[in-house]
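Undergrad: what's the 3D shape of this:
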Amino acid sequence: MENKTDKKELIKGIKTMAFALLSLFMGPILLSFAFSKPDDKLYLPLLITGCAVSALAVVMLFKGIRTIMGSLFNKK
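TA: Numbers count the residues shown, from 1 in each chain. Okay, the predicted model is just below:
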């Protein structure tokens, strides 16, 4: 059996990492908007959304790394 990279899985992992990179920037931006005006009516929704996006970024990073490593070492 040859050890070749599964290109479809690799592309899927790279797309996941790109989405995680976007989330890594959006989460703190949303949190800074929320913390800049704590008396605003959008404080709580922005705070919850910023925390959720930040947590999603971490999960997506681990999922992307796992997918890329699986494609490189033929783990299915």
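Undergrad: neighbours around Val58, how many?
TA: 13 (other Cβ atoms under 10 Å). C-beta here means a position set from N, CA and C on the backbone, and glycine is covered the same way.
Undergrad: distance check, it against Asp6.
TA: 25 Å (Cβ to Cβ, to the nearest Å).
Undergrad: now the helices for the chain?
TA: 7-36, 43-72 (DSSP state H).
Undergrad: for the first one, give the mean pLDDT please.
TA: Read that as helix 7-36. Taken as a whole, helix 7-36 carries a mean pLDDT of 94.
Undergrad: helices or strands up against it?
TA: helix 43-72 (3 or more Cβ pairs under 8 Å, 6 or more residues apart in numbering; DSSP states H and E).
Undergrad: and the helix it packs on, what's buried?
TA: Using 16 or more other Cβ atoms under 10 Å as the test for burial, helix 43-72 gives 46-47, 49-50, 53-54, 56-57, 60-61, 63-64, 67-68, 70-71.
Undergrad: noted, bye for now.
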